[in-house]
Each structure stands twice: as structure tokens, then as C-alpha cells.
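need coordinates for the following:
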Amino acid sequence: MPPAGREPALRNFAMPADANPNGDIFGGWLMAQMDLAGAVAAKRRAHGRIATVAVDAMTFHKPVFVGDLVSCYADLIKVGRTSMTVKIETWVERRAGGAIEKVTQATFTYVAIDQNGRPRPVDAGTGDAAKTDR
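Predicted coordinates for the structure are as follows:
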């Protein structure tokens, strides 16, 4: 079951434009949704700009189909000086029948960046963004 009592970092419907000719959703689309969900957690922790620098241990358990409601849950699991590691689990509510199933999981690494795109300490913030994101 998805994490009890938690709201997903991102929720979206899988649409026909995201599918291959067999009706399965492209893995790249799903990966992009997961990256966005992980970025929510990383940006909140970094209080400013972040960049994705790695995707580790991505595992696809089941396919996603057109019409499935896709929910991505993001947990910050490690914070370094400039980097953050986020575990993301993706669950779907099936369009046909309403079953809820875990479809993929991955670990993404993000780096806090300054206005010039260079790594900065996670706890430093970035000017106005640090004030408005808290």
C-alpha cells in the first residue's frame, strides 16, 4: 500500500500521448514524473535552486497504462554538504478496476545550486528563494 496518511509529492494521469503503440506508458515519462516529485522534496530542503545529478537503482515493477492515476511519493533520505538523496516510490490507481499497485521506485540525487548554477551548501539558501520557500 502507498505510504499511509501521506500526500504524494506529485499526482498525474497517464495520457495517450505518453504511451507506446501497445498502450504502455513510456518509462522516460514515468522517470520524468519521479524527477519532478523528488525535486519537490529537494527544493524544499535546499530552500532554493537544485539540479538533478544522478538516478540510481531505478526499478520498474509493473507497467503503467493510459488512464492510470500516477502518484509519486518522495522521501529525503540523506543530506550532504551540497547534495540530497531522495527515495521515490510510484504507485498507480488503475483506471480499470481501481486497484492500487506499486509500479516503480528509484533513488535520485540532487545538488543545491546558486544563481550561477554552481554547487552551494544545502543550508545556505539562495537569496529571495530561501525566504519564500520556508
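
so which elements touch the longest helix belonging to the chain?
Using DSSP state H to define each element, the chain has its longest helix at helix 27-46. Helix 27-46 is packed against strand 10-13, strand 50-60, strand 69-79, strand 83-93, strand 100-112, with contacts defined by 3 or more C-beta pairs under 8 Å, 6 or more residues apart in numbering; DSSP states H and E. (Each C-beta comes from the backbone N, C-alpha and C, glycine too.)

pLDDT below threshold where in this protein?
Low-confidence segments of the chain (pLDDT under 70): 125-134.

my read: G67 touches D18, true?
No: using C-beta atoms under 8 Å, G67 makes no contact with D18, being 10.7 Å away.

and for the two, which residues touch both?
Shared contacts of G67 and D18, defined by C-beta atoms under 8 Å, 6 or more residues apart in numbering, are absent.

A124 versus A96, what's the distance?
48 Å (C-beta to C-beta, to the nearest Å).

quick revisit: could you dump the helices and strands packed on helix 27-46 to CSV with mean neighbour count?
Formatted as CSV, the helices and strands packed on helix 27-46 follow (neighbours: other C-beta atoms under 10 Å):
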stretch, mean neighbour count
strand 10-13, 16
strand 50-60, 14
strand 69-79, 18
strand 83-93, 22
strand 100-112, 20
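
would you turn those strands into CSV with distance to L30?
As requested, these are arranged in CSV below (distance: least, C-beta to C-beta, whole Å):
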stretch, distance to L30
strand 10-13, 10
strand 50-60, 8
strand 69-79, 7
strand 83-93, 7
strand 100-112, 6
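
lovely, talk soon.
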